[in-house]
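Peer 1: need a structure here:
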Amino acid sequence: MVLSKWRFYKVNLINILVVAISVLTILSALALVFGSMKAERKRSLWFLAAAIGEVMWGVGIAVALSLPPTDTGYAVMPWALKFLYVGALIMDSTILGYVSWKYKIGKIITLSFLAVAIVLSIIFLCDTSVLYTDFTLSYSGNTLDYLMPAEGGWFFWAYIAFFCTVVPAFCLTLLYQIRHAKNKEAKKGYGFFLIGLAIAGFASLI
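Peer 2: As a prediction, the model looks like this:
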């Protein structure tokens, strides 16, 4: 009984935090879009797309962790997992667009990663069994059974490889911008952005 109550309060706290962060993320992205100069507004749309992906990812995680072992829970879980895994693909491919779109090579790299993200998303949405075989809902914690590479789960490695390459890509792009920024304020701004992205990116990789 004590463990059930503890899980109930913990899940509610997670959900509250996720909702609060999601609202703030979307609001900050909208502020960036409408507060940007006209020349930068199109580029800032990449950040809005990344914010939408981040919200999908975060909400998917919160819902997947908190669903109870009921008929409704089992019906909702597949949708929560779709939000989670597709949201992550949207988030990282579009944040790359935000940091690198003003460079010609950045456009090529962004469109390449975006194309891969779209293909992976379509494959997963059409057949979730390429990544996981089953899931279990319980009051002690929800679990997911992955289709491992040894069992023919090629999608598992493809998904991991995408993030292991896209995270360094946007970090290296920001390092390039820091190096070539013409004033100290821009260097400082890019530096803080790099630290935040690096921490969030590598933490999400784990």
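
Peer 1: Where does pLDDT dip in this protein?
Peer 2: Residues of the chain that meet the criterion pLDDT under 70 lie in 1-41, 150, 152, 201, 204-206.

Peer 1: same thing but at 50, please
Peer 2: Applying pLDDT under 50 to the chain picks out residues 1-3.

Peer 1: which residue ranges form the helices in it?
Peer 2: 2-35, 38-66, 71-100, 104-126, 154-180, 184-205 (DSSP state H).

Peer 1: Switch these over to TSV; also include distance to Asp134 and mean neighbour count.
Peer 2: C-betas here are computed from N, CA, C, even on glycine. Converted to TSV, the helices of the chain look like this (distance: least, C-beta to C-beta, whole Å; neighbours: other C-beta atoms under 10 Å):
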stretch	distance to Asp134	mean neighbour count
helix 2-35	22	13
helix 38-66	14	19
helix 71-100	10	20
helix 104-126	16	15
helix 154-180	15	16
helix 184-205	24	14
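
Peer 1: With distance to Asp145 added, can I get those in a markdown table?
Peer 2: Listed next are these as a markdown table, based on distance: least, C-beta to C-beta, whole Å:
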| stretch | distance to Asp145 |
| --- | --- |
| helix 2-35 | 21 |
| helix 38-66 | 13 |
| helix 71-100 | 12 |
| helix 104-126 | 16 |
| helix 154-180 | 12 |
| helix 184-205 | 21 |
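
Peer 1: Out of those helices, which gets nearest to Thr136?
Peer 2: Thr136 lies closest to helix 71-100 among those, at 9.6 Å (C-beta to C-beta).

Peer 1: What helices and strands are in contact with that closest one?
Peer 2: Using 3 or more C-beta pairs under 8 Å, 6 or more residues apart in numbering; DSSP states H and E, the elements in contact with helix 71-100 are helix 38-66, helix 104-126, strand 132-136, helix 154-180, helix 184-205.

Peer 1: Can I get the ones you listed in a markdown table including distance to Gly73?
Peer 2: Shown next, in a markdown table, are the helices and strands packed on helix 71-100 (distance: least, C-beta to C-beta, whole Å):
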| stretch | distance to Gly73 |
| --- | --- |
| helix 38-66 | 9 |
| helix 104-126 | 21 |
| strand 132-136 | 10 |
| helix 154-180 | 24 |
| helix 184-205 | 25 |
